[in-house]
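Visitor: Sequence first, predicted model second:
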Amino acid sequence: MAEGRIIEGLTFDDVLLAPRRSSVRSRREVETKTLLSRHLELKVPIVSAPMDTVTEHAMAITLARAGGIGIVHRFLPIEQQVEEVLRVKRSESIIIEQPYTLRNDQRLKDARRLMAQYGVSGLLVVDGHGKLLGILTARDIQFERDPEKSVGEIMTQLKDLVTAPYDVSPKEAERVLHEHKVEKLPLVDKEGKLRGLITSKDMLSLEQYPNASKDEKGRLLVGAAVGVKSGYLERAKALHDAGADVLAVDVAHAHSNITIDAVRTIMKELPDVELIVGNVATKEGTDDLIKAGANAVKVGIGSGSICITRIVTGAGVPQLTAIMECAKVADRAGVPIIADGGIRNSGDITKAIAAGASTVMIGSLFAGTEEGPGITVMREGRKHKLVRGMASVAASFDRSSRETEQNEEDSAVNLIDYVPEGVEAFVPYKGSASELINQLIGGLKSGMSYCGATNIQQLRGKANFVRLSPAGLKESYPHDVEVI
């Protein structure tokens, strides 16, 4: 943006998309496939925000099954964030390469602890050399009372298990599961060592979620966020090793030297990583991040429903203008834009993509769903869930306490050091995220058909915006009636 000049800034409610002649006969003809980053494709252009009241494993699994992706937030110890990524990766797969196991000399109390920790009803049993010995299921331990009893004494023995060679085809595995009426099929090599696991649940998921976002091994896609301060590289490496398909350098103001240096360092140490970087709101910011190595740029400063950056700092760019400006640079470089913030309905998604975004990132809308990790409360007889901006006082205070391990007295004194740029709020409970995603995608497809577009690229090429007056905006909502 030119210095010393006032430019006009527009956001979603300032415009409408002009309808065009359409050949679309049904929404089923509309394709929403798009790029998340330079090399990573999604069936649905929706990403859940890396906020601690929005995305952990449950949300990420639901998004990936629907064709989008979730970005697990970074406000956890590294080990816990890695475990969230692993839970997504292990939730379903053609072959689970590292199934949960325990040794035959471990105790019943260990088995119960691991089952609760992993959220599973069965564990494969191996010896110290990784050789499969049996399986321990909830049925095996249902009436056992002695916590010190060894796993080897109560497990289902190998002779009673159905197994298959580790190079079995999915079609053959499905036949074996059906023929023997079993739910788990351990895969072993010629020496009898455990090499993987196929479950009937995962085979059924292939049919139940045909649009699921998956990697080449059939595992659900998942992203994870990192910061730019101490420990970020260790976190990035751990998440990459755990199988995160994309990392997001998640910073409120990413057009900064510290962020650019962090991006360069990550790309040097992990040259094959898909890296999302943000947030920015200008062409210059987008250009600098791309030059540093970003595979996707996240756009949006101050546009989130619980963000008060613009009020506190006076800085920001209305979201529609920010997307259009940043896309001018990103398109030339072949780098996708992620529109982050301000999405309140499916119409906003259509406008964001028409303006130049490849995907949209959603926070508060998803915070109210069952899969959101925020707390649930009753207010005036209705269920609500907590959502908080990651620059709110509580979030900043929690993060600082973890990072510095301050005691309670020190923390109370230093509370005055925080200048919040986000708020905490309650949003109405919305039920399942999958239902909300279906509504959003249905609205997006309808919007694309109004523009005469059958795919994302056509939408971006055919869109014509109409500037709205206040009366035009009022006319867009229900009016002159009493809404039931």
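Guide: Good, I have the coordinates. Residues are numbered from 1 along each chain as shown.
Visitor: how far does stretch 430-446 sit from the chain's center?
Guide: Offset of stretch 430-446 from its chain centre (C-alpha atoms, centre = their mean, to the nearest Å): 16 Å.
Visitor: Can you give the contact residues for that stretch?
Guide: 27, 30, 32, 44-46, 59, 62-63, 65-66, 68, 345-347, 349-350, 353, 365-366, 368-372 (C-beta atoms under 8 Å, 6 or more residues apart in numbering). C-beta: built from backbone N, CA, C; applies to glycine.
Visitor: Distance check, Ala212 against Asn104.
Guide: 35 Å (C-beta to C-beta, to the nearest Å).
Visitor: higher neighbour count, the two?
Guide: Ala212 (22 against 17; other C-beta atoms under 10 Å).
Visitor: Report the secondary structure state of the closest residue to that one other than its chain neighbours.
Guide: Excluding its sequence neighbours, the residue lying closest to Ala212 (C-beta to C-beta, 6 or more residues apart in numbering) is Arg65, at 4.9 Å. Put simply, Arg65 is helix when judged by DSSP: H, G, I helix; E, B strand; the rest coil.
Visitor: Below-threshold pLDDT in the stretch 51-200 of the chain: ranges please.
Guide: Residues of the stretch 51-200 of the chain meeting the criterion pLDDT under 70: none.
Visitor: show me where it has strands.
Guide: 69-72, 101-103, 122-126, 132-137, 156-157, 164-165, 184-188, 194-199 (DSSP state E, counting those that start in this stretch).
Visitor: how many neighbours does Gly381 have?
Guide: Neighbour tally, Gly381, other C-beta under 10 Å: 5.
Visitor: Which pLDDT value does the model give it?
Guide: Reading off the confidence values, Gly381 has pLDDT 85.
Visitor: Tell me how far it lies from Thr350.
Guide: Gly381 is 35 Å from Thr350, by C-beta to C-beta.
Visitor: got the CA coordinates for stretch 74-90 in PDB?
Guide: Output of stretch 74-90 as PDB, limited to C-alpha atoms (Å, rounded to 0.1, in the frame of the first residue of the first chain):
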ATOM      1  CA  ARG A  74      -0.200 -24.400  19.800                       C
ATOM      2  CA  PHE A  75      -1.300 -23.400  23.300                       C
ATOM      3  CA  LEU A  76      -0.300 -26.800  24.700                       C
ATOM      4  CA  PRO A  77       2.900 -28.400  25.800                       C
ATOM      5  CA  ILE A  78       4.700 -29.900  22.800                       C
ATOM      6  CA  GLU A  79       4.000 -33.500  23.900                       C
ATOM      7  CA  GLN A  80       0.200 -32.800  24.100                       C
ATOM      8  CA  GLN A  81       0.100 -31.100  20.800                       C
ATOM      9  CA  VAL A  82       1.900 -34.000  19.200                       C
ATOM     10  CA  GLU A  83      -0.600 -36.400  20.800                       C
ATOM     11  CA  GLU A  84      -3.500 -34.400  19.300                       C
ATOM     12  CA  VAL A  85      -1.900 -34.800  15.900                       C
ATOM     13  CA  LEU A  86      -1.300 -38.500  16.400                       C
ATOM     14  CA  ARG A  87      -4.900 -39.000  17.500                       C
ATOM     15  CA  VAL A  88      -6.100 -37.500  14.200                       C
ATOM     16  CA  LYS A  89      -3.600 -39.600  12.200                       C
ATOM     17  CA  ARG A  90      -4.600 -42.800  14.000                       C
END
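Visitor: Quick one: neighbours of Leu233, just the number.
Guide: Using other C-beta under 10 Å, Leu233 has 16 other residues around it.
Visitor: Now Glu8. Nearest residue, chain neighbours left out?
Guide: Nearest one to Glu8, counting by C-beta to C-beta, 6+ apart, is Thr321 at 7.3 Å.
Visitor: Would you mind confirming that that neighbour is in contact with Val15?
Guide: No - Thr321 lies out of contact with Val15 (C-beta atoms under 8 Å); the separation is 10.2 Å.
Visitor: Val360 in helix, strand or coil?
Guide: Under three-state DSSP, Val360 comes out as strand.
Visitor: what residues are up against the nearest residue to it once chain neighbours are set aside?
Guide: Among residues not flanking Val360 along the chain, Ala339 sits closest, at 4.7 Å (C-beta to C-beta, 6+ apart). Residues near Ala339 by C-beta under 8 Å, 6+ apart: 299-300, 319, 323, 352-353, 355, 357, 359-361.
Visitor: Ala173 now?
Guide: 164, 185, 198, 203.
Visitor: in the sheet, who's paired with the first one?
Guide: When bridges are called by DSSP bridges, Ala164 pairs up with Leu187.
Visitor: Tell me who's in contact with it.
Guide: Ala164 sits in contact with 172-173, 176, 185-188, 198, where contact means C-beta under 8 Å, 6+ apart.
Visitor: Considering the residues you listed, which is situated nearest to Ala111?
Guide: Pro186 (16.8 Å; C-beta to C-beta).
Visitor: neighbours around the closest one, how many?
Guide: 24.
Visitor: my guess is it contacts Gly192, does it?
Guide: No - the criterion here is C-beta under 8 Å, and Pro186 misses it with Gly192 at 10.3 Å.
Visitor: Mind listing the shared neighbours of these two?
Guide: Leu132.
Visitor: ok, now which ones touch Leu63?
Guide: 46-48, 69-70, 213, 433, 437.
Visitor: Which ones among the residues you listed map onto strands?
Guide: If you go by DSSP state E, the contacts of Leu63 have 46-48, 69-70 in strands.
Visitor: mind putting these in TSV, neighbour count included?
Guide: Shown next, in TSV, are the ones in strands among the contacts of Leu63 (neighbours: other C-beta atoms under 10 Å):
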residue	neighbour count
Ile46	27
Val47	28
Ser48	31
Ile69	27
Gly70	32
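Visitor: ok, these vs Ile7, which is closest?
Guide: Distances from Ile7 to those, taken by C-beta to C-beta, are shortest for Val47, at 27.9 Å.
Visitor: List the residues that contact that closest one.
Guide: Per C-beta under 8 Å, 6+ apart, neighbours of Val47: 36, 63, 68-71, 223, 338, 359-362.
Visitor: most centrally placed residue in this structure?
Guide: In the chain, the centroid-proximal residue (C-alpha atoms, centre = their mean) is Gly70; its distance is 0.8 Å.
Visitor: contacting residues for Asp140?
Guide: So Asp140 contacts 154-156 (C-beta under 8 Å, 6+ apart).
Visitor: Any idea what the residue nearest to Val360 is bridged to?
Guide: In beta-bridge terms (that is, DSSP bridges), Ala339 pairs with Val299, Val360.
Visitor: Can you give me the distance of it to Val280?
Guide: Applying C-beta to C-beta to Ala339 and Val280 gives a distance of 12 Å.
Visitor: Need the overlap of contacts for those two.
Guide: In contact with both Ala339 and Val280: Val299, using C-beta under 8 Å, 6+ apart.
Visitor: Can you give me the buried ones in stretch 212-223?
Guide: 212-214, 218-223 (16 or more other C-beta atoms under 10 Å).
Visitor: Which two of those have the greatest separation?
Guide: Among these, Gly218 and Gly223 lie farthest apart (C-beta to C-beta), at 17.8 Å.
Visitor: okay if I get the buried residues of stretch 212-223 as a markdown table plus pLDDT and distance to Ala238?
Guide: As requested, those are exported to a markdown table (pLDDT from 0 to 100; distance: C-beta to C-beta, whole Å):
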| residue | pLDDT | distance to Ala238 |
| --- | --- | --- |
| Ala212 | 94 | 25 |
| Ser213 | 96 | 22 |
| Lys214 | 94 | 22 |
| Gly218 | 85 | 23 |
| Arg219 | 91 | 18 |
| Leu220 | 95 | 19 |
| Leu221 | 98 | 18 |
| Val222 | 98 | 14 |
| Gly223 | 98 | 14 |
